[in-house]
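> The following comprises the amino acid sequence and a computationally predicted model.
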Amino acid sequence: MPNILFYLTDLTYKIENEKPVIYLFGRTKEGKRIIIKDTSFQPYFYLIVKEEQALEKIKKLVLEDAKIIKIEPAKKNYFEKEILVYKAEVNYPSSVPKFKDELKNWKEVERVLEADILFTRRYLIDKKLTPMTLVKVEGEQIRDQAKVPVFLAKKIYQDDENSIIQPKILALDIETYNPEGKKMNPDRNPIIMLALKGEKFEKVLTWKRIDGKNIDVLNSEADLLQRFKEIIEEEQPDIITGYYSDGFDLPYIRARADKYKIKLDLGWDFSELSIKGRTEKTAEIKGIIHVDILKFIRRVMRTTLNTDTYDLESVSQELLGAHKHEVHLDLLAQTWDKEDKKQLKVFAEYNLHDSELCYQLCNKLLSNMLGLVKIISLPLFDVQRMSFSQLVEWYTIKKAQEFNELIPNKPGFYTQQERNKKRLHGAFVYKPIPGLYSNMVVFDYRSLYPSIIASHNISIGTVNGENCKEKETVPTEYGEAYVCKDKKGFLSVIIGEIISRRAEIKDALKKKPDSFLKARSEALKLLANSFYGYLAFSLARWYCFEGAEATTAWARYYVQDVIKKAKDSGFKVLYADTDSAFLLLENKTKKDALKFCEDINEKLPGLMELELQGYYPSGLFVGTKGTGTGAKKKYALLDENSKVIVKGFETVRRNWSFIAKEVQKEVLDIILKEQNKQKALKYVKETVKSLEKNQTEISKLIISTQLQKPIEEYESIGPHVAAAQILEKKGESVVPGMMLKFVICKGEGKIRDKVKLPEDVKQEDYDGDYYIEHQIIPSVETIFTVLGIDVQKELKEKDQKTLGDF
DNA sequence: TTTAGTCGGGG
DNA sequence: GTGTACGACTAAA
C-alpha cells in the first residue's frame, strides 16, 4: 500500500451510500493535486443525563432520517470538574442538531454538549491534523468523479508539522458598469473588466476593443466569464484572493454567471463557486482556498494598523507603501459607452494594478495567516475570517480535546444580554504633571495580562472555585475574590503554554532569523493578548468575568507596586498607565534603573517579568485643554536614537491640514531635541507670517474629510458638505464614503461659505487667519501652555509690533 | 441616558 | 451547514 505525503489545504464532507465521507484536498510534496477520502469518521455529541434509564429510550430514538448508532459512557471534565457523560454516535452530521433540539427539552437530560462543532472541524481536531502542513496517508487510488486523482485512506496522520506549503496565489479584481455610481446592481450592470494577477501571470479580461499588453479582448461578458473559468483551471492556484471578494467580486461574478447559465464548477470535485450567508457573505470554492484580504485586515490586523479606514488605498499605503492609480471611477460607465479606447486603457491598468496590490497584500500577510493556522489547526479559509475571540475560542477547543475538557455551549441570547450589562474595572493610570522632563526610564511588564492569568492560575474552575483548600486572595478594591491553588486551571495552563512557546521561538529567532517563525511568534502574541478580552466577552463559551476582574485587579496592583518601590528607591514617578511606569532618573543612572528592575523581577511570580522598555533623554507631557491636569495617553518622547515618538496628539490621527501636522511635529522636535522654547515659538511665528502673507503652498492647506451620508441628509452644513455641494454643482457624482478635499478661503459669512475645492484656489485666496486660529494654534497650544507660553497672546503681540513698525 | 438600527468594504 | 460577525457610530425613544 503506497504512502502519500501531502499538504492538506482544504476539506469538506459528503454523504455517500448513507455514510459521511470526509474529502481532504491537498497537494503532494511533488506539487500534484489530490483528493483523499476518509470514510472512518462518525459524527457524535455528548449528553449529561439526570436519569440513566432514559438512555435506553434515547438509543431507540429516531427523528426522520436521524438515528443513533451507539451510546457509551465517558469520563470528561466539565469546567474543570470530573463528570460522567455519554457519547452519542449518530448516522449523519445533520442528525446532531436534530437530536440536540429534541433532547434538550427532555426532563431526564441535564445538558446536550458539543452538538455545534462543525463536522469537518471536529474531524481535524480529533485526528490532530493541521492544515497547510504535511500529512501522511496510507491508501489506494480509486475511480471517482473529480478533476484530480482520488485516494481512499486506510490510515491518516500528521507528518511533519513544521513543513509548510508554499501556496500559489492568484489575485482577482473586477470593474463593473456603474452608471449609478456607488450603487451597484449585479442584475442590471455587467462586469466589464476582470483582472487576474499571480506570481508569473497578469491579465485583464474585457469585452470592448482596448489595446494594450496583457489585455484580452473577448466578444461578450459571457465569454469573459468563460475565459475566467479557463484561466483558473489552467493556472491551478492554491489560493484565490481579492479585496472584499467575499462581499463583492465573487458574488457579483456568480450572479452574472447565473444570468448566462454558466456553471462555475471550479471545485476539484466539480462543485460550484458557492456564496453563503445573508448579512455577511462568504464565497467558497472546494479545493481552492478563497482568501478575502479585507476580512483578515479588519478582524486581525486592525490593532497593528494605524489607519482606521480599511479601503484598499489606505491599507496599501500603510502596508506596502503603495498607492492605487488615481482615476475618476464615476466616469467609467460613460467612458465605456463612448468606447474611448485611450481612457479605457487607463481603467484597465487601474484594474490590473488593484489586483496587483491585492496580490502583494496577500503575499505579505500570508505568513501571519499561516502562523495562525499552525496554532489553531483549522483551514486557512476559516482562520482567515475569524475575529480575535473566535481564534482564542478555537485554540481553546483544540486544547480542550488534549485536556479531556468538554466544550461548553455558546450562551443564549438572554445570557448574552446579561453579560453585556456588566462593566469591568479597568486599568490603573497615574496622571502625569504636565511639563518638559529630561532623562527618563520607562518600565513595562511583558505581556502583563496574559502573564497574570498564567502566573496566578486564573481559570474558569479556579476563580472563586468551590471546595477549595488552598486559596490566594485577589488584591481587589471591589468586593472579595480568591483563586484556588489546589490544582492547575485549564485556561491558565494553556495561556502559559502560549507564553512559553513564544519565548522559545524568540530565543530561536535570536540565533537564526526565519520569517515563518517570526510570524508564529506574532500569532502567539496576538493570541495571548486576546485571552483576557475573551474572558469578559459576552459570546464566549469559556466566559469568566470574575477571572477578567481578577486579572485587572492584579494588573493595578503590580503597576502600583512599581510606583511605590520606585518612590522608596528615590526615583520620581512621572506617569503610569496599565502596564508601564515612567520614572525620572534625576541623579540616578541607567545602571541603578536596571538594578531596580532586577530587584522587582526577583519577587515576581511565575512568568511575570518587568522590562526596562527604554531610556529617553527628554519627554513632554501636556495637560488636557479644560482643566490643565495631566492628560492620559498623550505625550512625546525623544529616544536614544534621536527619534521623536508622539502618542495621542489628535493631529496625528484626525484629518488636519498638512501645515498643522507639520508645525506640531516641528515644534515637538525643537523642544525635545534642543529644549529651546523660544526657537519653537519663532518657528510658529514664521509659519504664521507666511500664512498671513499668503505665501504658504496651497497643497499644505488641504483639509480632507469623509462624507458619511448623502448630502441631502445633513442638517448642519459643515465645510466638507459644502465642498460636496460644489462638486455636485460641477456635475460630478457625490456619494457617501467619498473623501472631500477643500481649502478655506477669504470671504464673508460662515465657514461653509468660504470653502473652495483645491483646484479652484489661487495663492491669494486662502484665509490665513482661519488656518492660524483653527489649525496652527490648536495643534501647538497645549504644548506651549506646558512651557509657560501663551501662544494666542504671543501671536497677537507680534501683530501689534508689526503694526507699530510701520 | 438608554436602546435600536445601520454600516463597513466593493464600482 | 453539527452556522449566522462585531464594534463603532448615529438616530430615535
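Yes, it's here.

> what residues are up against the spatially most central residue of chain A?
Closest residue to the average C-alpha location of chain A: A:V300 at 1.9 Å, with CA atoms, centre = their mean. By CB atoms under 8 Å, 6 or more residues apart in numbering, the residues touching A:V300 are A:N368, A:L372, A:M386, A:S387, A:F388, A:L391, A:L526. C-beta: built from backbone N, CA, C; applies to glycine.

> Does A:V217 touch A:K203 like I think?
No: A:V217 is beyond contact range of A:K203, at 11.2 Å (criterion: CB atoms under 8 Å).

> more crowded one of those two?
Using other CB atoms under 10 Å as the criterion, A:V217 and A:K203 rank with A:K203 on top: 18 against 15.

> What separation do you get for A:K155 and DNA strand C?
Distance of A:K155 to DNA strand C, computed by CB to the nearest atom of the strand, to the nearest Å: 21 Å.

> secondary structure element for that residue?
Following DSSP states H and E, one finds A:K155 within strand A:150-158.

> Partner strands of that strand, with direction?
Applying DSSP bridges, strand A:150-158 is found paired with strand A:33-38 (parallel), strand A:134-142 (antiparallel).

> before we move on, back to that, ok, the residue nearest to the centre of chain A to A:A523 distance?
Look at A:V300 and A:A523: by CB to CB, to the nearest Å, they are 9 Å apart.

> Mind checking which of the contacts of A:V300 are buried?
Listed as buried from the contacts of A:V300 are A:N368, A:L372, A:M386, A:S387, A:F388, A:L391, A:L526; burial here means 16 or more other CB atoms under 10 Å.

> Report the two of the residues you listed separated the most.
Distances among the buried ones among the contacts of A:V300 were taken as CB to CB; the most separated pair is A:N368 and A:S387, at 14.9 Å.

> Up against DNA strand B, what does chain A have?
Contact residues, chain A versus DNA strand B (CB under 7 Å from any atom of the strand): A:173-176, A:178, A:181-182, A:184, A:243-244, A:247-248, A:279-280, A:294, A:309-313, A:329-330, A:332, A:354, A:733, A:735-738.

> Would you write a PyMOL line that selects the buried entries of those residues?
Typed into PyMOL, the line below selects the buried ones among the residues of chain A next to DNA strand B, using 16+ other CB under 10 Å:
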select buried, chain A and resi 173+174+175+176+178+243+244+247+248+294+310+311+312+313+330+332+354+733+738
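
> Sort out for me which of the residues of chain A next to DNA strand B are in strands.
Among those, DSSP state E puts A:D173, A:I174, A:E175, A:T176 in strands.

> Tabulate those (CSV), appending pLDDT.
CSV is the format used below for these (pLDDT from 0 to 100):
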residue, pLDDT
A:D173, 98
A:I174, 97
A:E175, 97
A:T176, 97
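
> Closest one to DNA strand B out of these, please.
Nearest to DNA strand B, judged by CB to the nearest atom of the strand, of those is A:E175 at 3.3 Å.

> Just to check, the closest one is in contact with A:M193?
Yes: with contact defined as CB under 8 Å, A:E175 and A:M193 form a contacting pair (4.0 Å).

> Find the residues that touch each one of these two.
A:F347, A:N351.

> in what helix or strand does A:A553 lie?
Assessed by DSSP H and E, A:A553 sits inside helix A:545-568.

> Give me the contact status of that helix with DNA strand C.
No: judged by CB under 7 Å from any atom of the strand, helix A:545-568 makes no contact with DNA strand C; its nearest approach is 13.8 Å.

> and the nearest residue to A:F228 once chain neighbours are set aside, helix, strand or coil?
Excluding its sequence neighbours, the residue lying closest to A:F228 (CB to CB, 6 or more residues apart in numbering) is A:L194, at 5.7 Å. Secondary structure state of A:L194, per DSSP: H, G, I helix; E, B strand; the rest coil, is strand.

> residue contacts, A:L194?
A:L172, A:D173, A:I174, A:E175, A:V204, A:L205, A:T206, A:L224, A:F228, A:I253, A:N351.

> who are the neighbours in contact with A:P411?
Here A:P411 is in contact with A:R419, A:S538, A:L539, A:A540, A:R541, A:Y543 (CB under 8 Å, 6+ apart).

> May I ask which of these has the most neighbours?
When neighbours are taken as other CB under 10 Å, the top entry among the contacts of A:P411 is A:A540 (23 neighbours).

> So that residue: helix, strand or coil?
Per three-state DSSP, A:A540 ends up coil.

> From DNA strand C, how far off is it?
Distance of A:A540 to DNA strand C, computed by CB to the nearest atom of the strand: 9 Å.

> Show me which positions of stretch A:480-497 end up buried.
Those buried within stretch A:480-497 under the rule 16+ other CB under 10 Å are A:A481, A:Y482, A:V483, A:C484, A:K485, A:G489, A:F490, A:L491, A:S492, A:I494, A:I495, A:G496.

> so which of those would you say is closest to DNA strand B?
Nearest to DNA strand B out of the buried residues of stretch A:480-497 is A:A481 (CB to the nearest atom of the strand; 25.1 Å).

> Can you name the residues that contact that closest one?
Counting by CB under 8 Å, 6+ apart, A:A481 touches A:V463, A:N464, A:T473, A:V474, A:E546, A:E549, A:A550, A:A553.

> Verify the contact between the third one and A:C484 for me.
No: taking CB under 8 Å as the definition, A:T473 is not a contact partner of A:C484, at 11.4 Å.

> pLDDT score assigned to A:L172?
Here the pLDDT value assigned to A:L172 is 97.

> And for A:V735?
So A:V735 comes in at 64 (pLDDT).

> Could you check how far A:K518 is from DNA strand C?
27 Å.

> Tell me how many other residues crowd the residue lying closest to that residue once chain neighbours are set aside.
In space, and not counting its chain neighbours, A:K518 is closest to A:L509: 6.2 Å by CB to CB, 6+ apart. Counted with other CB under 10 Å, the neighbours of A:L509 add up to 14.

> what does the model give A:K19 for pLDDT?
Taking A:K19 on its own, its pLDDT is 95.

> What residues are bridge-paired with it?
The partner residues for A:K19, given DSSP bridges, come to A:E16.

> Give the buried residues for the helix ranked longest in chain A.
With DSSP state H setting the assignment, residue counts place helix A:341-376 as the longest helix in chain A. Within helix A:341-376, the residues that count as buried by 16+ other CB under 10 Å are A:343-363, A:365-376.

> same check, this time on stretch A:290-298
By 16+ other CB under 10 Å, the buried positions in stretch A:290-298 come out as A:H290, A:V291, A:D292, A:I293, A:L294, A:K295, A:F296, A:I297.

> Residues contacting it, please?
Residues outside stretch A:290-298 that contact it (CB under 8 Å, 6+ apart) are A:239-247, A:250, A:282-284, A:305, A:310, A:315, A:358, A:361-362, A:365, A:368-369, A:380-381, A:384-385.

> Also near DNA strand C: which of the residues you listed, exactly?
Counting by CB under 7 Å from any atom of the strand, A:T282, A:E284 from those sit close to DNA strand C.

> Which of the contacts of stretch A:290-298 fall in helices?
Filtering those for helices - DSSP H - leaves A:L250, A:V315, A:C358, A:L361, A:C362, A:L365, A:N368, A:M369, A:L380, A:F381.

> Nearest to DNA strand C, out of those residues: which one, please.
Minimum distance to DNA strand C across the ones in helices among the contacts of stretch A:290-298 is 9.1 Å, recorded for A:F381 (CB to the nearest atom of the strand).

> ok, and the closest non-adjacent residue to that closest one?
A:I289 (5.2 Å).

> before we move on, the earlier item: the residue nearest to A:K518 sits in which helix or strand?
Using DSSP H and E, A:L509 maps to helix A:490-511.
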